[in-house]
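J.: For reference, the sequence and a predicted model appear below.
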Amino acid sequence: MEQRSKQPITYRFPAGFWWGSATSATQIEGAANEGGKGKNIWDHWYEQEPHRFFQGVGPEVTSDFYHRYKEDIALMKEIGHNSFRFSISWSRLIPDGVGEVNSEAVRFYNAVIDELLANGIEPFVNLYHFDMPLVMQNIGGWENREVIDAYARYASLCFQLFGDRVKTWFTHNEPIVPVEGGYLYDFHYPNVVDFRRAVQVAYHTMIAHAKAVAAFRRAAIQGGKIGIILNLTPSYPRSQHPADVKAAHIADLLFNRSFLDPAVKGEYPQDLIELLAEHRFLPVMEVGDRELIKENTIDLLGINYYQPRRVKAKEHLPNPDAPFLPERFFDYYAMPGRKMNPYRGWEIYEKGIYDILINIKEKYGNIECFISENGMGVEGEERFRDESGMIHDDYRIEFIQEHLKWVHRAIEEGTNVKGYHIWTFMDNWSWTNAYKNRYGLVAVDLENGLKRTIKKSGYWFKSLAENNGF
Ligand code: BG6
């Protein structure tokens, strides 16, 4: 490969490595009430409880990608993207979740896909990023098997409509998050706190996933691959004391392996089944589910990594009157001396990305994978803007570099990593945090008509992609 920078390249990545970024429909499209889109849970919850959203900002406009996709895709090209992940909004494509396909949505997604391809950017399409159509949530969301079938039909329609050009597909992004947010910790609609329902939702999400994979196999997209995107948060015990190790093992089972094992191995971990059975929380299952999961494993795993989970054995008996939560089994642990992101309150532990990859190599058949999200959120990032308008985010460059060193090492040790996508392309709206934490390589100026300006990290990313290393 041609070397364009004067700097020597110490960390060179394999030829054809995917460099790009990830986004989601609700977070960038805006036009929430335009183009025939139906409401999803975010539109609804914001109408109900706007005060729950940072500075009262909802998802109506976000970054306005719906109207500015051409300008944005040109910027992606400019900063070196060869691939880009976005999600289709189910409620835009099928406003009531089950009925007619919205032709304006088909036009929009076709235009986005064509524009990406015309710019040499491979579209990676995710089918579900936290955005349940409201009509589907009103009949129970993932708790209702009818919704699973509606989702499988939606997936199948997407393969038919866009599969001639889109070759890389994902069923879900971070499926644990709607379980945590919606059914355990009250940060997504429908704001339920109920471990039993949470387990059922998690289980049904995987059934929906397997049905979408089955539909994908039937669609027989030439050269196509399907996967799932998981936020694999490595669980580290406070010490090697057996009680701490057990606490970390349970956290790993509940938060990582409840999705990772069925998706990659086609079966749930026996220890997880036993744990749930012991506490009488096994979900309701149907005949045929086990085979469905067994037969529909993935081709490609997307790994989102932000921070580790550090736990220790419980120090006090749980209050029997408190709601049953995963924290019944462990306490969180703030490791002394850990490095923190000063602008977002999350730990930064770069080696975590390597530990995940080695674990995938050793225990999950070295399945093809890529880093599908990694990034640094910064509150109040506007203060780093200079007179020319550029944001000097050297901390983000360092963050990416330090993680990439570990990815590089994992590749040298034989892991099957095909690419790195940063979260995210441009500053976007993020659920209840709205515009609080900025993650983009491109700034979006909320005070100035959503004007886009490439950050210092965007230019750095360009040289990273062009040199296939740094
Ligand atoms: C990721 C999600 O886990 O975290 C994104 O996939 C989200 O959708 C991102 O925007 C950042 O979250 P936050 O709360 O820092 O804005």
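T.: Thanks, I have the structure now.
J.: Would you mind listing what in the stretch 301-450 of the chain touches the ligand?
T.: 304, 373, 377, 423, 430, 433, 437 (Cβ under 6 Å from any ligand atom). For the C-beta atoms, the positions are set from N, CA and C on the backbone; glycine is no exception.
J.: and the residues you listed, which of them are in strands?
T.: Under the assignment DSSP state E, those contribute 304, 373, 437 to strands.
J.: ok, these vs His392, which is closest?
T.: Comparing these against His392 with Cβ to Cβ places Asn437 closest, at 17.5 Å.
J.: these two touch, right, the closest one and Arg344?
T.: Yes - if you go by Cβ atoms under 8 Å, Asn437 and Arg344 touch, sitting 5.5 Å apart.
J.: what touches both of these two?
T.: 377-379 (Cβ atoms under 8 Å, 6 or more residues apart in numbering).
J.: For Lys225, which non-adjacent residue is closest in space?
T.: Asp299 (4.1 Å; Cβ to Cβ, 6 or more residues apart in numbering).
J.: give me the element Gln401 is part of.
T.: helix 394-412 (DSSP states H and E).
J.: CA atoms of that helix as PDB?
T.: The C-alpha coordinates for helix 394-412 follow below in PDB (Å, rounded to 0.1, in the frame of the first residue of the first chain):
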ATOM      1  CA  ASP A 394      -6.000  15.300  21.100                       C
ATOM      2  CA  TYR A 395      -7.400  13.100  23.900                       C
ATOM      3  CA  ARG A 396      -9.600  11.300  21.400                       C
ATOM      4  CA  ILE A 397      -6.600  10.600  19.100                       C
ATOM      5  CA  GLU A 398      -4.700   9.200  22.000                       C
ATOM      6  CA  PHE A 399      -7.700   7.100  23.000                       C
ATOM      7  CA  ILE A 400      -8.000   5.600  19.600                       C
ATOM      8  CA  GLN A 401      -4.300   5.000  19.200                       C
ATOM      9  CA  GLU A 402      -3.900   3.300  22.600                       C
ATOM     10  CA  HIS A 403      -6.800   1.000  21.800                       C
ATOM     11  CA  LEU A 404      -5.500   0.300  18.300                       C
ATOM     12  CA  LYS A 405      -2.200  -0.800  19.700                       C
ATOM     13  CA  TRP A 406      -3.900  -3.600  21.600                       C
ATOM     14  CA  VAL A 407      -6.000  -4.500  18.500                       C
ATOM     15  CA  HIS A 408      -2.800  -4.700  16.500                       C
ATOM     16  CA  ARG A 409      -1.200  -6.900  19.100                       C
ATOM     17  CA  ALA A 410      -4.300  -9.200  19.100                       C
ATOM     18  CA  ILE A 411      -4.100  -9.500  15.300                       C
ATOM     19  CA  GLU A 412      -0.400 -10.400  15.600                       C
END
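J.: which other residues reach that helix?
T.: So helix 394-412 is contacted by 11, 13-14, 305, 341, 343, 348, 350-351, 353-354, 357-358, 361, 371, 374-376, 378, 417, 420, 422, 455-457, 460-461, 464, 469-470 (Cβ under 8 Å, 6+ apart).
J.: related to what we said a few turns ago, and the residues of the stretch 301-450 of the chain next to the ligand, which two are furthest apart?
T.: So, these by Cβ to Cβ: farthest apart are Asn304 and Asn433, at 16.2 Å.
J.: Between those two, which has more neighbouring residues?
T.: Asn304 (21 against 16; other Cβ atoms under 10 Å).
J.: Enumerate the beta-bridge partners assigned to the more buried one.
T.: Beta bridges link Asn304 to Asn231, Glu373 when assigned by DSSP bridges.
J.: and whichever residue of the chain sits closest to the ligand, how many neighbours?
T.: Of all residues in the chain, Ser430 sits closest to the ligand, at 3.1 Å by Cβ to the nearest ligand atom. Ser430 has 21 neighbours, counted by other Cβ under 10 Å.
J.: Who are the contact partners of it?
T.: Per Cβ under 8 Å, 6+ apart, neighbours of Ser430: 27, 436-437, 439.
J.: so which of those would you say is closest to His129?
T.: Looking across the contacts of Ser430 and measuring by Cβ to Cβ, the closest to His129 is Gln27, at 7.7 Å.
J.: if I look at the closest one, how far off is Asp164?
T.: Distance from Gln27 to Asp164, counting by Cβ to Cβ, to the nearest Å: 27 Å.
J.: For Gly419, grab phi and psi.
T.: phi -180, psi 180 (degrees, to the nearest 10).
J.: longest helix of this protein?
T.: If you go by DSSP state H, the chain has its longest helix at helix 195-219.
J.: what comes up buried for that helix?
T.: The neighbour-count check on helix 195-219 (16 or more other Cβ atoms under 10 Å) flags 195-216, 219 as buried.
J.: Equivalent analysis for stretch 7-19, please.
T.: Here stretch 7-19 shows 11, 13, 17-19 as buried, counting by 16+ other Cβ under 10 Å.
J.: Pull the most distant pair out of those residues.
T.: So, the buried residues of stretch 7-19 by Cβ to Cβ: farthest apart are Tyr11 and Trp18, at 15.8 Å.
J.: where along the stretch 1-150 of the chain do the strands fall?
T.: Under the criterion DSSP state E, counting those that start in this stretch, the stretch 1-150 of the chain contains strands at 18-22, 83-87, 122-126.
J.: and the second one, which strands flank it?
T.: Each strand that pairs with strand 83-87, with its direction, by DSSP bridges: strand 18-22 (parallel), strand 122-126 (parallel).
J.: Which residues does that strand contact?
T.: 18-25, 28, 73, 76, 112, 116, 121-129, 131, 168, 170, 173, 302, 372, 419, 421, 425.
J.: which residues of the stretch 1-150 of the chain score low on pLDDT?
T.: 1-6 (pLDDT under 70).
J.: just the helices in it please.
T.: 25-28, 41-48, 65-78, 90-93, 103-118, 134-138, 145-162 (DSSP state H, counting those that start in this stretch).
J.: Kindly state which of these is positioned closest to Asn231.
T.: helix 25-28 (15.4 Å).
J.: Report the buried residues of the closest one.
T.: Applying 16+ other Cβ under 10 Å to helix 25-28 flags 25-28 as buried.
J.: which ones among those residues come in contact with the ligand?
T.: Answer for the buried residues of helix 25-28 near the ligand: none qualify (Cβ under 6 Å from any ligand atom).
J.: with those residues in mind, which one is nearest to Glu291?
T.: Once Cβ to Cβ is applied, the member of the buried residues of helix 25-28 that ends up nearest Glu291 is Ala25, at 32.1 Å.
J.: which ones are touching that closest one?
T.: Here Ala25 is in contact with 86-89, 92, 129, 131 (Cβ under 8 Å, 6+ apart).
J.: Tell me, how many residues neighbour Ile348?
T.: Ile348 sits with 20 neighbouring residues when counted by other Cβ under 10 Å.
J.: The closest residue to it other than its chain neighbours and Thr233, how far apart?
T.: Distance criterion Cβ to Cβ, 6+ apart; nearest residue to Ile348, sequence neighbours excluded, is Lys339 at 4.7 Å. Using Cβ to Cβ, we find Lys339 at a distance of 16 Å from Thr233.
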